[in-house]
Each structure stands twice: as structure tokens, then as C-alpha cells.
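>>> fold the following and give me the result.
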Amino acid sequence: MERPIGVFDSGVGGLTVALELMRQLPKEELIYVGDTLRCPYGSRPEHEIKQFTNELVQFLLKKNVKMIVIACNTATAFTLEELKGKLDIPIIGVIQPGARAAIKNTKNEQIGIIGTEGTVRSEAYPKALQQINQDLKVTSLACPLFVPMVEKGITEGEQAKLVVEETLRPLRNTTNIDTLVLGCTHYPLLENVIQDVMGKEVKIISSGEETARETSTILEVENLLYTGERTPKHSFYTTGDLEVFEHISKTIFKEEIENVENMTIEKITL
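Numbering: from 1, shown residues only. The predicted structure is shown next:
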């Protein structure tokens, strides 16, 4: 089917998921929306997260997408189940795929989760993990400084290392985790710094790869996979600063992306 896949995030972090989708599904066309103007979602109340998410979903539905990927852990935690009941196209989030990848990798059944305040507050990861294996010991830590830092393009160097070191100290000093889930799609942009701080014995899990794999499976099962020949033309939209968005996207994709536009969110009544 020729229709595009819709992907959205509270900002630029979801581009890490978009990159993995493009790698695993090279013929599929993506429409990506980053709500950088209202980022971060993690510290916002639940009703705002639901409002913003529904507005982004409406935008993508108007683009005639065949499936939606919520490339934002906070939005996944608070809205996925509700949206599944409302939409007549498939929609997935990043939490379940991330949880499955963590379980696959842990050797000592001690898993750490880092995420926004909203994701940690929702307890979505511990629930997802312990549904599969109730013997797991899960430790969650909110990292409120990470998203604003990434949105400013600070992903390496002394400042990034100091902030990451200070924030992750409780995980390093008081747990024996062997697996750490990056429970926010912005965090893979800090992966090298996080790995450095946590040490090479801790396996870092980014949910992008697993989410792309699940997207591929759903498209196949639902007969929505594009099977023809084409080089897809992806579209990217941001609600905030175009220049910053382009700069960070270049860091992620290792090249400049085309078709980037500013957009205005249409307010809807829930």
C-alpha cells in the first residue's frame, strides 16, 4: 500500500526511531512530526499530554497515513491504549518493544529505566516488564535535564558528561543493573555519554530497532506493506525552531534531510 507511515514525538528524539524505520523499511514513506515548540512533554500534566498527542494524531490522519508510530515514551504511556480503541488504523508505541528488548538482554534480571518524569510517574515500563517476567527487579530514574539539553543540540562534550554523570549517580551507586533502557527517544542522542558513565558492562537498550521490527510485522500482517519499487520521499514537520531541528536531524541522519517544514498545530477539543 502506497500510503505513508506517520511518526510523531514531542521533539527531535523520535528521529532516532524514524532512522531505524527507514533502515528496516527502505521502501516505506514516512511523515514525521516533532512538537519541538511544546517539548518536553515529560513534566506536563496528563490532560496536556493527551491534548497534544491527539492534535498530532489528527494532523497525521489528515495526511492519510496507514499506520502511526508514537515515537515518544511519555505519549505512549498516557495515550496508546485509548488511541488504539479510537483509530481504525494500527498504532504502536515504543514502550512494549523496549521492554521486550531489555528482557532479551538482561543476564541478572536487574533492569534500569531512565525516562522523563511523566514516563517514570506512569510506571509503564515496570508494568510492561513485570507482565512478561514478574521476577525482574526494575529501578526507574527520572532525568528531567536530558531532553532540554538534547533539544538544544548538546549531546556530547564536558557539559553533557557532567549532567549525565550527576543525574545517573543513584543508578551507578545503589543498583546492580546490567541493562539500562533509554525510556525516552531523545536519550539515544546521549547514548555514548550514558554508556561511558554507566560502564561497558551495562547493556544500553534503545527501543528504536525493536519498534521498527514490530512496525514491519504489523504492516505485513495487515497487508499494508509497500511491495513495489520506489525511493520514498519522506516529509518532516516541526512546530518549533526549524534551524535547530535541521541541525539535530543532520547529527542523527549524518546528512541533511530534505522536505522539512514548520507547521502550526490545529487545536482540537477533547
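>>> where in the protein is pLDDT low?
Filtered on pLDDT under 70, the chain yields the residue ranges 270.
>>> tell me where it has strands.
Chain-ordered strands for the chain, with DSSP state E as the definition, fall at 5-9, 30-34, 67-70, 91-92, 110-115, 137-142, 179-183, 203-206, 235-238, 260-262.
>>> per the record, what domains does this protein have?
In terms of domains, the chain is parsed into 5-93+209-262, 95-207 (source: automatic domain parsing).
>>> among those domains, which is nearest residue 268?
Proximity to residue 268, assessed across those by Cβ to Cβ, is greatest for domain 5-93+209-262 (5.5 Å). The way it works is simple: take the backbone N, C-alpha and C, and place the C-beta from them, glycine included.
>>> now do that closest one: distance to the chain's middle.
Per Cα atoms, centre = their mean, to the nearest Å, the displacement of domain 5-93+209-262 from the mean C-alpha position of its chain is 9 Å.
>>> now do the end-to-end distance for that domain.
Taking Cα to Cα, to the nearest Å, domain 5-93+209-262 runs 19 Å from one end to the other.
>>> same question, stretch 222-232
With Cα to Cα as the measure, the first residue of stretch 222-232 is 20 Å from its last.
>>> now that stretch: buried residues?
By neighbour count with 16 or more other Cβ atoms under 10 Å, stretch 222-232 contains the buried residues 224, 225, 226, 232.
>>> and the helices in this structure?
Counting by DSSP state H, the chain forms helices over residues 15-24, 46-62, 73-86, 95-105, 117-122, 124-132, 146-151, 158-174, 191-198, 208-221, 242-253, given from the N-terminal end onward.
>>> so can I have TSV of those helices showing mean neighbour count and distance to residue 37?
Shown next, in TSV, are the helices of the chain (neighbours: other Cβ atoms under 10 Å; distance: least, Cβ to Cβ, whole Å):
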stretch	mean neighbour count	distance to residue 37
helix 15-24	22	16
helix 46-62	18	10
helix 73-86	21	15
helix 95-105	22	24
helix 117-122	22	18
helix 124-132	19	25
helix 146-151	23	11
helix 158-174	14	23
helix 191-198	18	25
helix 208-221	19	23
helix 242-253	16	10
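>>> now, which of the buried residues of stretch 222-232 sits nearest residue 179?
Within the set of the buried residues of stretch 222-232, residue 225 lies nearest residue 179; the separation is 31.4 Å, counting by Cβ to Cβ.
>>> my read: residue 175 touches residue 113, true?
No: at 11.0 Å, residue 175 and residue 113 do not qualify as touching, with contact defined as Cβ atoms under 8 Å.
>>> and those two? Which one has more around it.
Remark: of residue 175 and residue 113, residue 113 carries more neighbours, 31 against 16, as counted by other Cβ atoms under 10 Å.
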